[in-house]
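> what follows is a predicted protein model with its sequence.
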Amino acid sequence: MRRSTLALFALLAVATTGCDKIKLAIDKIKGRKPATQAAARPVVPSGDTAKRPAVPAPRQPTARPPTREAPPSVGSRPPQAPVVPHPNRDVPYVSEDTGTIAPGMGERDIYSIWGQPIAVRREGEYTYLYFQNGCEWTCGMQDLVILQNGKVVDAVLRWPGHGYSGESSSPPGKKPVPNPGGDTLRVKQ
């Protein structure tokens with residue numbers, strides 16, 4: 001196994017150790033009875049009660065002062081990123097939305113040609129549009145269109161129905177090659 005896989009499993013184990021459902025499932029598998037937490041009762045001595053007067057237990061207030069909770073503000077949470085299903089095999093992709101995009105086109109122009117993307121990511125001045133391509137498993141990614149300040153600057157496409165008239169940074173025929181001189185990553189200490 002790779003170190004990254006082992007690290008992932010270790011992180012998963014650490015993250016789920018506090019989960020009650022996981023603990024219950026482990027106890028059930030191992031045949032142990034789960035620990036039950038009974039409400040603590042005051043201990044009453046079983047001595048001779050005739051010699052001493054009974055002391056009443058202190059009363060706890062039953063009414064609580066009303067608490068004011070702030071109403072949840074609408075829109076205070078940032079929207080969650082859409083969940084993109086990760087395929088375990090290639091699924092053929094058939095669409096009527098085909099065509100070629102060009103450098104400098106806007107986001108809406110792309111939508112009018114190819115339809116809605118399956119995911120959109122925004123970071124600073126860049127926008128990343130992901131489209132299905134039918135080879136997500138073997139290619140390792142969806143078709144990607146990169147926009148800078150709302151205009152197309154690059155596209156990485158694998159589906160024959162999606163075209164790009166500019167020069168792609170990763171054309172389909174390009175084979176990955178190792179860095180000359182080997183690994184050049186250095187860790188600062």
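Cool, got the structure. Residues are numbered from 1 along each chain as shown.

> show me what the closest residue in space to S170 that isn't next to it in sequence is bridged to.
For S170, ignoring the flanking residues on the chain, the nearest one in space by CB to CB, 6 or more residues apart in numbering is V156 at 4.5 Å. Using the backbone N, CA and C atoms, a C-beta is placed for each residue, glycine as well. In this structure, V156 has the following beta-bridge partners (DSSP bridges): L144.

> quick one: contacts for V156?
V156 makes contact with M141, D143, L144, S168, S169, S170 under the criterion CB atoms under 8 Å, 6 or more residues apart in numbering.

> helices along this structure, start to end?
3-16, 20-30, 107-114, 136-139 (DSSP state H).

> and Q148, which of the ones you listed is closest to it?
Distances from Q148 to each of the helices of the chain were compared by CB to CB, and the smallest falls on helix 107-114, at 11.4 Å.

> format the helices of the chain as JSON lines; extra columns: mean neighbour count.
JSON lines is the format used below for the helices of the chain (neighbours: other CB atoms under 10 Å):
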{"stretch": "helix 3-16", "mean neighbour count": "10"}
{"stretch": "helix 20-30", "mean neighbour count": "11"}
{"stretch": "helix 107-114", "mean neighbour count": "15"}
{"stretch": "helix 136-139", "mean neighbour count": "15"}
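
> which stretch among those comes nearest Y93?
Across the helices of the chain (criterion: CB to CB), the nearest stretch is helix 136-139, sitting at 8.7 Å.

> and V91, how many residues sit next to it?
V91: 12 surrounding residues under other CB atoms under 10 Å.

> should've said L147
Residues lying near L147 (other CB under 10 Å) number 22.

> I'd say it and E123 touch.
No: the pair L147 and E123 does not pass the contact test of CB atoms under 8 Å, sitting 11.1 Å apart.

> send me stretch 146-161 as PDB with only the CA atoms.
Coordinates of each C-alpha in stretch 146-161 appear next as PDB, following Å, rounded to 0.1, in the frame of the first residue of the first chain:
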ATOM      1  CA  ILE A 146     -10.500  27.700 -17.300                       C
ATOM      2  CA  LEU A 147     -11.700  31.300 -17.300                       C
ATOM      3  CA  GLN A 148      -9.700  34.300 -16.100                       C
ATOM      4  CA  ASN A 149     -11.800  37.500 -15.300                       C
ATOM      5  CA  GLY A 150     -14.800  35.800 -17.000                       C
ATOM      6  CA  LYS A 151     -13.000  35.000 -20.300                       C
ATOM      7  CA  VAL A 152     -11.700  31.600 -21.600                       C
ATOM      8  CA  VAL A 153      -7.900  31.300 -21.300                       C
ATOM      9  CA  ASP A 154      -7.500  27.500 -21.500                       C
ATOM     10  CA  ALA A 155      -9.300  24.200 -21.900                       C
ATOM     11  CA  VAL A 156      -8.400  20.600 -21.200                       C
ATOM     12  CA  LEU A 157     -10.900  18.500 -23.300                       C
ATOM     13  CA  ARG A 158     -11.200  14.700 -24.000                       C
ATOM     14  CA  TRP A 159     -14.700  14.300 -25.300                       C
ATOM     15  CA  PRO A 160     -14.800  14.500 -29.100                       C
ATOM     16  CA  GLY A 161     -17.900  16.700 -29.000                       C
END
